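# Okay, predicted coordinates and the sequence, questions at the end:
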Amino acid sequence: MTIHQNGLFVEPGQGRSYYFGQDLYTFKAVGEETGEAYALCEVIVAPGGGTPTHRHNRENESFYVQDGEIEFQLDDRTFVATAGTFLHSPKGQLHRLTNTTSTPAKLLIWVTPAGFEKFIAEVGKAVNGEITLGASLSPQDLDKILTTAPKYGIEIVPPPSE
């Protein structure tokens, strides 16, 4: 483990980037750079994008909306968050986020301790080169996410059957 005693400096457009479905996750800090204390990522959530309902059993997750509008669910409460809104979801809490608008939204996600970034690196698609629109999740992508999530202490709750 390397702890950078001189701090971090990550310029705009820099970081490790992955597509998670249509959404773009760019990690500005990862556990190996923070002594595993936290990871921070900037996420561009495509219209209709977001996460399924899930819970983290290892880390707390905090969200800061920078641009656009995101619908959040924390347990049985639903909020519409606009630019400048901060939300915190402690480990063990059911939550999800969805962009219900027709324009992309941008937010920061901070997880403590680190580890979530390893899940995204394993199930996401690394961005090598120009950033374009991400693709919708295929059935194979969904299967990989569902089978990999428990390894990282993440429980994905399937939507209620109709």
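Cool, the structure landed. Numbers count the residues shown, from 1 in each chain.
# If we go by neighbour counts, what in the helix-or-strand element of the chain with minimal mean pLDDT is buried?
The least trusted helix or strand in the chain, going by mean pLDDT, DSSP states H and E, turns out to be helix 139-148, with a mean of 77. Within helix 139-148, the residues scored as buried using 16 or more other CB atoms under 10 Å are 141, 145. From N, CA and C alone the C-beta is placed, and that goes for glycine too.
# could I get it in CSV with only the CA atoms?
This file holds the C-alpha atoms of helix 139-148, laid out as CSV (Å, rounded to 0.1, in the frame of the first residue of the first chain):
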residue,chain,number,x,y,z
PRO,A,139,-27.8,-9.2,-20.2
GLN,A,140,-24.2,-10.4,-19.9
ASP,A,141,-23.2,-7.1,-18.2
LEU,A,142,-26.0,-7.5,-15.7
ASP,A,143,-25.1,-11.0,-14.9
LYS,A,144,-21.5,-10.0,-14.3
ILE,A,145,-22.6,-7.2,-12.0
LEU,A,146,-24.9,-9.5,-10.0
THR,A,147,-22.3,-12.2,-9.6
THR,A,148,-19.5,-9.8,-8.8
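# Could you point out the helix or strand that follows it?
Using DSSP states H and E, the helix or strand that follows helix 139-148 in sequence is strand 154-156.
# Neighbouring strands of that next one in the sheet, and parallel or not?
Sheet pairing of strand 154-156 (DSSP bridges) gives strand 54-56 (antiparallel).
# Contacts for the strand it pairs with, please.
Applying CB atoms under 8 Å, 6 or more residues apart in numbering, the external contacts of strand 54-56 come out as 89, 91-96, 111, 116, 149, 153-157.
# so T85 touches V65, yeah?
Yes: contact criterion CB atoms under 8 Å: T85 and V65 qualify, at 4.7 Å.
# out of the two, which sits in the more crowded spot?
The residue with more neighbours, out of T85 and V65, is V65; 22 against 16, by other CB atoms under 10 Å.
# Now do the same contact list for the more buried one.
Contacts of V65 by CB under 8 Å, 6+ apart are 81-86, 105-107.
# at 7 Å what do you get?
Applying CB atoms under 7 Å, 6 or more residues apart in numbering, we find V65 in contact with 81-85, 105, 107.
# Can you select the buried ones from those in PyMOL?
Only the buried entries of these go into this PyMOL selection, using 16+ other CB under 10 Å:
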select buried, resi 81+85+105+107
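# Just flag the most distant two among the contacts of V65.
G84 and A105 (12.5 Å; CB to CB).
# pLDDT (mean, whole number) over stretch 97-112?
Mean pLDDT, computed over stretch 97-112, is 96.
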